[in-house]
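Undergrad: how would this look folded up:
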Amino acid sequence: MFPHLGGLAICYAGYRAKAPSWLAIGVGITVAAIALSSSTLVSLIWIAQVGTALYLRKSFLIKSCPKSQLIPTDRHLAQLIARHHGKIDINKCSKHDLVYHLGLPIVYANKVDHLRQKGLVFVNLEQLIHQGGLPASYASRLEPLIMFNSPIALITSEEPWQCLNSFSEEELVTCGLTPQAAAKIVAERERGGQYNSLLEINTRTGIPLKQINHFTYS
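TA: Below you'll find the model as predicted:
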């Protein structure tokens, strides 16, 4: 807020955040403010330094704050956190990361962790919404901070489990399922209709998600 010294605050922010460009901006503003102190342009310098400080404020807080204290409250903040601290792998992070880094309510974190322990591999945001139970608006807010790295690759660009709604027992066995699992899937499909998700297949047939993943994500 000081006309001639406000640039020093930006220099300090650059030092704390290890951002050389901020240091240069702060020095430039300070030098300009002192050089033009007797000019009518000093008011413009003051406006510039206050505006710059406000613009850098959120980035400074994110860079200088411990990662464990950063909770994304909106999509833009999630983007800044990801830019400065990296993304979080939804398939490999701990439940602590789900709660304290992604900011998931414990009920959603427990469900995601439970599905992972049962062998489910999340491959996209839609799967996290439909099977992980996250509200679409909530998941969209977190999307910039989430990645879905996995050593398992999809066999098609569509949801591969949908093949379980059309393949015969013989085709399912050929793709890697055991004859018993293939028979259960086809019998339950004929009895109760098509499946809507991997979790529904697990619930209706009792086949472990890990075994289904061996087929759908091989």
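
Undergrad: is H130 in contact with L198, as I believe?
TA: No: counting by Cβ atoms under 8 Å, L198 is not a contact partner of H130; they are 9.4 Å apart. For glycine as for every other residue, the C-beta is placed from the backbone atoms N, C-alpha and C.

Undergrad: for the helix or strand hosting I10, which helices and strands make contact with it?
TA: According to DSSP states H and E, I10 maps onto helix 6-17. On a contact count with 3 or more Cβ pairs under 8 Å, 6 or more residues apart in numbering; DSSP states H and E, helix 6-17 meets helix 20-35, helix 42-64.

Undergrad: CA atoms of the shortest one as CSV?
TA: Pointing back at helix 20-35 there. Only the C-alpha atoms of helix 20-35 are listed here, as CSV (Å, rounded to 0.1, in the frame of the first residue of the first chain):
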residue,chain,number,x,y,z
PRO,A,20,12.7,-15.0,-10.1
SER,A,21,10.2,-13.3,-12.4
TRP,A,22,8.3,-11.9,-9.4
LEU,A,23,11.5,-10.6,-8.0
ALA,A,24,12.2,-8.8,-11.3
ILE,A,25,8.7,-7.3,-11.3
GLY,A,26,9.0,-6.1,-7.7
VAL,A,27,12.4,-4.5,-8.4
GLY,A,28,11.1,-2.8,-11.5
ILE,A,29,8.1,-1.4,-9.8
THR,A,30,10.2,-0.1,-6.8
VAL,A,31,12.8,1.6,-9.1
ALA,A,32,10.0,3.1,-11.2
ALA,A,33,8.2,4.4,-8.1
ILE,A,34,11.3,6.1,-6.7
ALA,A,35,12.4,7.5,-10.1
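
Undergrad: for H130 and L198, indicate the residue with more neighbours.
TA: L198 (26 against 16; other Cβ atoms under 10 Å).

Undergrad: excluding its backbone neighbours, what's nearest the spatially most central residue of the chain?
TA: Nearest residue to the geometric centre of the chain (Cα atoms, centre = their mean): I146, 1.8 Å. Leaving out its chain neighbours, the residue that sits closest to I146 by Cβ to Cβ, 6 or more residues apart in numbering is I90, at 5.3 Å.

Undergrad: and the pLDDT at that neighbour?
TA: At I90, the pLDDT value in this model is 90.

Undergrad: surely A19 meets K63?
TA: Yes: if you go by Cβ under 8 Å, A19 and K63 touch, sitting 7.1 Å apart.

Undergrad: look at the spatially most distant residue from the centre of the chain and tell me its secondary structure.
TA: No residue in the chain sits farther from the centre than S38, which is 50.6 Å out by Cα atoms, centre = their mean. Recorded secondary structure, S38: coil (DSSP: H, G, I helix; E, B strand; the rest coil).

Undergrad: and Y195, how close does it get to P208?
TA: 15 Å (Cβ to Cβ, to the nearest Å).

Undergrad: the two - which one has more neighbours?
TA: Y195 (20 against 14).

Undergrad: could you find the closest non-adjacent residue to that one?
TA: Distances taken as Cβ to Cβ, 6+ apart place I201 nearest to Y195, at 4.9 Å, with adjacent residues excluded.
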